[in-house]
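Student: what follows is a predicted structure for the sequence shown.
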Amino acid sequence: MAGRAVKRAFKYRFYPTAVQAEQLARTFGCTRYVYNRALAERTRAWSQEQRRVTYADTSTMLTGWKRDAETEWLAEPSKGPLQESLRQLQGAFEKFWRGQSRYPQFKKKGRSKESATYYSNCFTYRGGQIRLAKQSESLDIRWSRPLPEGAVPSQVTVSRNARGQYHISILVEDTSARTVRGWRRHVLAKKQKGSRNRAKARLKVAKIHGRIADRRRDYLHTLSTRLVRENQVIAIEDLSVRNMVKNRSLSRAISDAGWSEFRSMLEYKANWYGRRVVAVDRFCPSSKTCSVCGEIASTMPLNLREWTCPCGAVHDREVNAARNILAVGLAVAACGDGVRPPRT
């Protein structure tokens, strides 16, 4: 399986000390400031001088900002998260130029996600402990599941949500996930049928498949339990998974997601806790309906991820669909079955 490793991110909850929380707050503020100031400089250069500013240009600007007496506090946090904020801005512009998203927006405190990304030269990982640059103590991480055996983190992203909870996303190379099929074809198939080597290879494949299934099941159990405990009504879309997996481009991803198993978990756990799961009709035009004014778009191709309604509302396809599914689910819970938007 050498050379077939894939990158995977594992997310965990962690509890910073008071000193670490203060340092992270300053880092979040600095990354937001650098992103916004670089965006302002790029916007000004184009609008006033018709000059395009590159990532390299903003990186040079960042060095100057650190030396400026008014913004010398930018030198306090690690340089990694600040550089990453410039890379994220560059990526936002590239998506805008390709027509995949709107013009980059300024980040606002309390409204934008607070996060900071550290690369391998900005943190240490020893003995199952992670310590960020310019911090004296390791993070108190709740390891809800182990990292893949032998995996070494190449990047970590720490974030804080609106509830004040801290999470860390650890990026590693995993040689066991999503590479089993190819490995089975090239290794297992070459073994002579009935031989001991083939039996050993089959056992290795079975162990890897079992490990992947265990991880998927653990994640689905954790997510379904949290959703059932935190909500009285859960609205889901009644998708035809059997037809969806006929799409060769999406079949593997859909099968790996385990949607049917997830729905089953939600339903029986909701019954345990006295909650209700509402399955919205699969023909409900949740993606094409504007969640603001109710206008239904005539077409909505799968590759269109953002769209603008005639009323002026700009929608992310998945977020808009989720809002419509929630609205229909709450209506069904309040008024009874059979309530759904009209079909197109």
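Tutor: Great, that's in hand.
Student: and the helices in the stretch 101-250 of the chain?
Tutor: Using DSSP state H, counting those that start in this stretch, the helices of the stretch 101-250 of the chain run over residues 180-186, 196-230, 241-244.
Student: quick one: which of those is nearest Val277?
Tutor: helix 196-230 (8.5 Å; C-beta to C-beta). C-beta: built from backbone N, CA, C; applies to glycine.
Student: quick one: buried residues of that closest one?
Tutor: Arg198, Ala201, Lys204, Val205, Ile208, Ile212, Arg215, Arg216, Leu220, Ser224, Leu227, Val228 (16 or more other C-beta atoms under 10 Å).
Student: for it, give the mean pLDDT please.
Tutor: On average, the pLDDT along helix 196-230 is 83.
Student: who are the packing partners of it?
Tutor: With contacts taken as 3 or more C-beta pairs under 8 Å, 6 or more residues apart in numbering; DSSP states H and E, helix 196-230 sits against helix 180-186, helix 259-273.
Student: for this protein, which spans come out with low pLDDT?
Tutor: 1-6, 175-192, 194, 241-242, 245, 248-250, 337-344 (pLDDT under 70).
Student: which parts of it are strands?
Tutor: Counting by DSSP state E, the chain has strands at residues 6-14, 114-119, 123-126, 129-132, 141-142, 155-160, 166-174, 233-237, 276-280, 306-308, 314-316.
Student: listing partners with orientation, what would you give for the second one?
Tutor: It stands for strand 114-119. Looking at strand 114-119 with DSSP bridges, its partner strands are strand 155-160 (antiparallel).
Student: likewise the first one?
Tutor: Partner strands and pairing direction for strand 6-14 (DSSP bridges) are strand 141-142 (antiparallel), strand 166-174 (antiparallel).
Student: just these: most buried one?
Tutor: strand 166-174 (a mean of 19; mean count of other C-beta atoms under 10 Å).
Student: picking up where we left off before, how about JSON lines for the strands paired with strand 6-14, with distance to Asn36 added?
Tutor: Output for the strands paired with strand 6-14, formatted as JSON lines (distance: least, C-beta to C-beta, whole Å):
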{"stretch": "strand 141-142", "distance to Asn36": "30"}
{"stretch": "strand 166-174", "distance to Asn36": "23"}
